[in-house]
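[1] Return a 3D structure for these sequence lines:
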Amino acid sequence: MARKSKSRKSVFIVEDHPVFREGLVQILGMEPGLRVCGEAGDAEQALRDIPGRKPDLVLVDITLPGRSGLDLIKELRAADRDLRILVVSMHDEALYADRVLRAGGDGYIMKQEDPEEIVRAIHDVLAGRIYVSEQVMIGGSKAPAARSAEQAQARLLAEMADRELEILHLLGQGKTNAEIARQLGLSLRAVTRACACIQKKLDLKNFNALIRYAVCWVESVG
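    Model prediction:
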């Protein structure tokens, strides 16, 4: 996927929410050194379109219908070692940034950041730098007991597959299994099976305990 040198860097956007995707298009349209070369609402469309568009950078959301953003990052990285990839997501950075970097991404920024910061993250990643927030870079300054509790929880969450973590987050937002299945483009049986695996990994007695855990966890990470 060779790219020619050019003054304006091209960006491909993978985002399933049309309103936010259009907002990104408008933000990038005001940047003299950037241009949007394509858009996709899911991983499958992105994998079809990106090779022909030859972007310098791909903006990816974590939660996408069907295949997740993390799966997409792995496939894009396997196909092109030089492509720059930046995740723009609503999910807690402290939980997902490491997974994104291990999958082959080059940075992580949350959707609620100011447009100016999103543009700065794009330029940082295009310049070959890794972009994460200062809080993630330097770690927290919490008391040892709080850090110990967080580390214990982190170990449990680390055992989950990427899709399981995504489903846990949606459960904590009050989504039903059927709603999660529709949002992620999965079968209801697949979501139910994933919930059972999550419940087992967290050593929870039943589905109600899983829901309580998910809600408390989402509240704790904001």
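[2] Name all residues that make contact with the most centrally placed residue in the chain.
    Centroid-nearest residue in the chain: I62, 2.7 Å away (criterion: Cα atoms, centre = their mean). Listed by Cβ atoms under 8 Å, 6 or more residues apart in numbering, the contact partners of I62 are 68-70, 87, 89-91, 96, 100, 166. For glycine as for every other residue, the C-beta is placed from the backbone atoms N, C-alpha and C.
[3] Which is the succeeding secondary structure element to the helix or strand bottoming out on mean pLDDT in the chain?
    Of all helical and strand segments in the chain, the minimum by mean pLDDT, DSSP states H and E falls on helix 144-158, at a mean of 53. The C-terminal neighbour of helix 144-158 among helices and strands, as given by DSSP states H and E, is helix 162-172.
[4] Quick one: name whatever helix or strand follows that next one.
    helix 177-184.
[5] Show me what that following helix packs onto, helices and strands only.
    Where contact means 3 or more Cβ pairs under 8 Å, 6 or more residues apart in numbering; DSSP states H and E, helix 177-184 is packed against helix 162-172, helix 188-201.
[6] Is it possible to get CSV of those helices that adds distance to A78 and mean neighbour count?
    Shown next, in CSV, are the helices and strands packed on helix 177-184 (distance: least, Cβ to Cβ, whole Å; neighbours: other Cβ atoms under 10 Å):
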stretch, distance to A78, mean neighbour count
helix 162-172, 16, 21
helix 188-201, 24, 16
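[7] Now tabulate these in a markdown table and tack on distance to S10 and mean pLDDT.
    Below are the helices and strands packed on helix 177-184 laid out as a markdown table (distance: least, Cβ to Cβ, whole Å; pLDDT from 0 to 100):
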| stretch | distance to S10 | mean pLDDT |
| --- | --- | --- |
| helix 162-172 | 27 | 88 |
| helix 188-201 | 35 | 91 |
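[8] of all these, which lies closest to L210?
    Closest to L210 of those is helix 188-201 (Cβ to Cβ; 4.7 Å).
[9] Count the neighbours of M30 for me.
    Applying other Cβ atoms under 10 Å, we find 9 residues neighbouring M30.
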